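> take a look and give me a structure for this.
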Amino acid sequence: MRIDCDVCAMRNTDACTDCVVTFLLAAGPVELDEAESEALGNLAEVGLVPRLRLVPRKEQSPAANG
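Numbers count the residues shown, from 1 in each chain. Model prediction:
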């Protein structure tokens with residue numbers, strides 16, 4: 001899983017305030033392996049951290065850019 005706030009549709013919204021990614025990434029993208037990703041999911045499931053709110057933005061096709 002690649003986490004990069006630059007590609008998150010929720011960036012610069014209220015969702016960023018308590019996003020674990022905002023806390024972890026203060027400087028840039030991070031690569032999590034499967035075990036790390038699962039660990040974050042488990043922590044979120046029991047309420048110890050917020051759920052991951054990363055929502056990748058949809059890529060625009062070149063034709064859409066005019």
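
> quick check, central residue of the chain?
For the chain, Leu54 is the residue whose C-alpha lies nearest the centre (C-alpha atoms, centre = their mean; 2.9 Å).

> what about Asp6, how many residues nearby?
Neighbour count for Asp6, taken as other C-beta atoms under 10 Å: 9. Where you see a C-beta, it was placed from the backbone N, CA and C, and this is true even at glycine.

> so it: helix, strand or coil?
helix (DSSP: H, G, I helix; E, B strand; the rest coil).

> what of the one 5 residues further on?
The local conformation at Arg11, judged by three-state DSSP, is coil.

> hang on, the earlier thing: tell me which residues touch the residue nearest to the residue nearest to the centre of the chain when sequence neighbours are not counted, please.
Of all residues not flanking Leu54 in the chain, Cys8 sits nearest, at 5.1 Å (C-beta to C-beta, 6 or more residues apart in numbering). For Cys8, the contacting residues are 21, 53-57, by C-beta atoms under 8 Å, 6 or more residues apart in numbering.

> what about the helices in this structure?
20-24, 34-45 (DSSP state H).

> of those helices, flag the one that's most buried.
Ranked by mean neighbour count under mean count of other C-beta atoms under 10 Å, these are led by helix 20-24, which reaches a mean of 16.

> name the residues that touch that one?
3, 5, 8, 16, 30, 40, 44, 49-50, 52-54.

> where does the prediction get shaky in this protein?
Within the chain, the set of residues satisfying pLDDT under 70 comprises 25-28, 60-66.

> ok, now with 80
Residues of the chain meeting the criterion pLDDT under 80: 1, 3, 17, 21-30, 53-57, 59-66.

> separation between the closest residue to Glu34 other than its chain neighbours and Thr13?
In this structure, Glu34 finds its nearest non-sequential neighbour in Met1, 7.7 Å apart by C-beta to C-beta, 6+ apart. To Thr13, Met1 is 21 Å away according to C-beta to C-beta, to the nearest Å.

> of the contacts of Cys8, closest to Glu36?
The closest of the contacts of Cys8 to Glu36 turns out to be Val21 (C-beta to C-beta; 12.4 Å).
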